[in-house]
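**Q** sequence first, predicted model second:
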2 protein chains.
Amino acid sequence: MSRFDQANREAVQRMMDAHPVLVDMGRAREVIPGMKDNLFLHAGPPITWDRMSGPLKGAIIGGLLYEKKARSIEEAEEIAASGEIEFAPCHHYNAVGPMAGVITPSMMVYIVEDKTHGGFTYSNVNEGYGKVLRMGAYDDEVLTRLAWLNEVYAPVVREAIRLAGGIDLKTLIAQALHMGDDCHNRNRGNNSLFARMLAPYIVETELGQKREYDFPRIDLTATCPFFKERKPTLAAEVLAFMHSNDIGTLNFLMAACKAITLAGHGIENCTLVTTMARNGTDFGIRVSGTGDKWFTAPANYPKGLYFSGYSEKDANRDIGDSAITETAGVGGFAMAAAPAIVNFIGGKASDAIEATIEMYEITVAENSNFTIPSLNFRGTPTGIDVRKVVEKGILPKINTGIAHKEPGVGQVGAGIVNPPMEIFVEALRELARRA
Amino acid sequence: MSRFDQANREAVQRMMDAHPVLVDMGRAREVIPGMKDNLFLHAGPPITWDRMSGPLKGAIIGGLLYEKKARSIEEAEEIAASGEIEFAPCHHYNAVGPMAGVITPSMMVYIVEDKTHGGFTYSNVNEGYGKVLRMGAYDDEVLTRLAWLNEVYAPVVREAIRLAGGIDLKTLIAQALHMGDDCHNRNRGNNSLFARMLAPYIVETELGQKREYDFPRIDLTATCPFFKERKPTLAAEVLAFMHSNDIGTLNFLMAACKAITLAGHGIENCTLVTTMARNGTDFGIRVSGTGDKWFTAPANYPKGLYFSGYSEKDANRDIGDSAITETAGVGGFAMAAAPAIVNFIGGKASDAIEATIEMYEITVAENSNFTIPSLNFRGTPTGIDVRKVVEKGILPKINTGIAHKEPGVGQVGAGIVNPPMEIFVEALRELARRA
């Protein structure tokens, strides 16, 4: 066995040994080491304001308005361009955020602990579908919802997570793959299971008993029509939001995947990809054996299904840290477990199955924790080997949401995308140079 | 098109048009028309006490103890043999019960309404796995749990169902098939979704706020360890039980399937099976075109996986009304949607897929509501044609629990079973005679 193969075997074993547990929530400024008042985190590799795409700019503008650092869009743009705010990838802080992935200092984040190797990873709170900050929208409705999520919803969920003594995310992902989820774009199974699991604790939180609070309510009457007739408790509102948002768990599942990939990172001669992330302009990867160096190139445009009224010409380039799911062996790599996903991202069910089959070509292991029932419980393809990607000319398949290219609009669809091949070629060169 | 084909087409269309909604709960004596104080309903075709199998006898004994009609097992056996209590199939009252299917007068039942054709169907409350009444067990633990379920749990759930304005079961089944459920032996998806959907209402029930009640508590600390530290609200307990019981929804899904099959029943010249049910001794079917006549023969023994410490020699013959799921086009007929089920019933994932494929051979329609993602969203095989069963020699495949053959023990496993062929032959003869 070559030293590369040996390093890869060690890395992928460490990934599979990782045991991510959702242990707590807290304010980014207080819980993410190195986070500070004038630092905004974002998805993907490093980028400056002038090169940011519309949806990332939109989310930064929204973040500045949300943090009350700006009073208008114009002022926000000025501040963003001034250098007053530092921008850095979430990944530099062991955090991950879907789509724009903007995490600002006062936002509440999920805290995931790797119980095997120690260490913490983080993600923000999911806002639901449509016109949301992570898709680049920033109007009053978006900001009201953000405030409700961070100041009303998250504190109840935090109290419930603490009462529960943490939620095992490794088991949740494993079960979800048997419930038709890919754990990236389709999460109805794990969302339902998570809500069901946390519900008795949510009911017992002190905060959950309250019916009054100081922030504007968000409209949940479409989910729970009886909220029209009575002012619900916070517990009921939190549970109603959970029911309304089938992608609500994505963020902490991403933090779990970050914990998994982190366990395989930084191993000499290891040719496995440990980060795939996009900022809406560039696609970046990091490889275990090349440490914290980013390999970047322009991100591609996803192919998929568009919401009513939108089409390909509205789409931004690929964006978000959510490709961490594929990097950990789920998401697009586990699509065979989630054939119903094609209702959302397009294509035929057989495409979903073939996507997983193809990913075995570029990975080094079949996951010992995450299995696919319809493939007779074969483990998901895990550990992307840059050598295999380059030699076989097969690119990772990533499930993704699609954001509008202009700031202020939001989500326009969902689909599938590939990274650019050149970054794998560059990474391979760097690995060769080091070896 | 022959008059048979025409009748079948009409019947299966009525089945697919049926729209079952869980609208309420109530005490059997008060809500099931014809139910009375000395009537016990049971699964399967009619049977007398002397011919009843162990698990059905056990459930009858348990029912007599539960209703305080007997003070000991011996007294219960005497009463059961005396003719003092009338026994009748659940199906004669548009009710269904899994396994022994015993419904006694004071038990709470789910009420399902067919919003398309009108009419109501019923089922009892699911007790979970293991040592339970429906599997023939009747000790104090079983009776305590029954009391808790009927007097504590069900009233909260009833209040929540009313607050919610009913729960659409047609949609729930359709979604569940995309979440890895077959809706007979695997229900984790729909259980989770149902709990998530009902949770905000459970929280808002008046009964749910209480922490005290007059019945012994059941031990839910394995599900919610924090119940050791504090006395939870009823809402939290109800949600914890829902989380603990992955088969909790089966009973009202069966009532939904009863509503579906009832819609196709009683059509002249129709050769479709509208009931398959077993009492632990006999397997009985009813056919649309032969009205309420039962065709019966000795039930087979299921093949499957046994719980630790049990084997085939402990198994009772096939028992339960739950084959109504297969009759409605889900359960064993939709196993391709639920390949993870083989972890519970045995076999390989490919067997689950092949089972569904084979069932297209003996059915007349592909369901327009219930689809299987991995088969490119093909509708489930629906409407079992006795002509096809007899001509092709292919029997329906039924997923099932396995009860111990002795009264008082409980569940010992789960597996797959076929009905006896002769009842289809008899039904076909009767159809021919009438035509």
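**A** Yep, it's here. Numbers count the residues shown, from 1 in each chain, chains lettered A, B, ... in the order given.
**Q** so which bits of the stretch 301-435 of chain A are right by chain B?
**A** A:339-340, A:342, A:348-350, A:353, A:373-377 (C-beta under 8 Å from any C-beta of the partner chain). C-betas here are computed from N, CA, C, even on glycine.
**Q** could you do the stretch 51-200 of chain A as well?
**A** So the stretch 51-200 of chain A meets chain B at A:163-165, A:175, A:178-180, A:188-189, A:191-193, A:195-197, A:199-200 (C-beta under 8 Å from any C-beta).
**Q** what about those residues, which are in helices?
**A** Members of these lying in helices (criterion: DSSP state H): A:163-164, A:175, A:188-189, A:191-193, A:195-197, A:199-200.
**Q** which of those residues sits closest to A:Ala43?
**A** Distance to A:Ala43 across those (C-beta to C-beta) is lowest for A:Asn191, with 21.5 Å.
**Q** right, and the closest one touches A:Ser244 too?
**A** No. Taking C-beta atoms under 8 Å as the definition, A:Asn191 is not a contact partner of A:Ser244, at 10.2 Å.
**Q** of these two, who's got more company?
**A** A:Asn191 (27 against 17; other C-beta atoms under 10 Å in any protein chain shown).
**Q** give the contact list for that one.
**A** With contact set as C-beta atoms under 8 Å, 6 or more residues apart in numbering or on different chains, A:Asn191 has these partners: A:242, A:245-249, B:196.
**Q** what part of chain A, helix or strand, is modelled with the least confidence?
**A** Confidence across the helices and strands of chain A bottoms out at helix A:342-345, with a mean of 88, counting by mean pLDDT, DSSP states H and E.
**Q** check which element follows that one along the chain.
**A** Downstream of helix A:342-345, the first helix or strand assigned by DSSP states H and E is helix A:349-359.
**Q** buried set for stretch A:426-435?
**A** For stretch A:426-435, burial by neighbour count (16 or more other C-beta atoms under 10 Å in any protein chain shown) applies to A:426-428, A:430-431.
**Q** repeat that for stretch A:130-149.
**A** Neighbour-count burial for stretch A:130-149 [16+ other C-beta under 10 Å]: A:131-138, A:142-143, A:145-149.
**Q** just to revisit the earlier point, could I get the residues of the stretch 301-435 of chain A next to chain B as JSON lines with distance to B:Met359 and neighbour count?
**A** Shown next, in JSON lines, are those (distance: C-beta to C-beta, whole Å; neighbours: other C-beta atoms under 10 Å in any protein chain shown):
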{"residue": "A:Pro339", "distance to B:Met359": "19", "neighbour count": "27"}
{"residue": "A:Ala340", "distance to B:Met359": "20", "neighbour count": "24"}
{"residue": "A:Val342", "distance to B:Met359": "24", "neighbour count": "22"}
{"residue": "A:Lys348", "distance to B:Met359": "22", "neighbour count": "12"}
{"residue": "A:Ala349", "distance to B:Met359": "19", "neighbour count": "23"}
{"residue": "A:Ser350", "distance to B:Met359": "21", "neighbour count": "14"}
{"residue": "A:Ile353", "distance to B:Met359": "21", "neighbour count": "20"}
{"residue": "A:Pro373", "distance to B:Met359": "19", "neighbour count": "24"}
{"residue": "A:Ser374", "distance to B:Met359": "17", "neighbour count": "26"}
{"residue": "A:Leu375", "distance to B:Met359": "22", "neighbour count": "20"}
{"residue": "A:Asn376", "distance to B:Met359": "21", "neighbour count": "13"}
{"residue": "A:Phe377", "distance to B:Met359": "23", "neighbour count": "17"}
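**Q** max pairwise distance over those: which two?
**A** Farthest pair in those (C-beta to C-beta) is A:Lys348 and A:Phe377. Separation: 23.2 Å.
**Q** neighbours of the closest residue to chain B within the stretch 51-200 of chain A, how many?
**A** Proximity of the stretch 51-200 of chain A to chain B (C-beta to the nearest C-beta) peaks at A:Ser192, 3.5 Å away. A count of neighbours around A:Ser192, defined by other C-beta under 10 Å, yields 29.
**Q** coming back round to it: among the buried residues of stretch A:426-435, which are located in strands?
**A** Among the buried residues of stretch A:426-435, no member falls in strands (criterion: DSSP state E).
**Q** can you pull out the strands in the stretch 151-300 of chain A?
**A** Here the stretch 151-300 of chain A has its strands, by DSSP state E, counting those that start in this stretch, at A:167-168, A:273-279, A:282-287, A:295-298.
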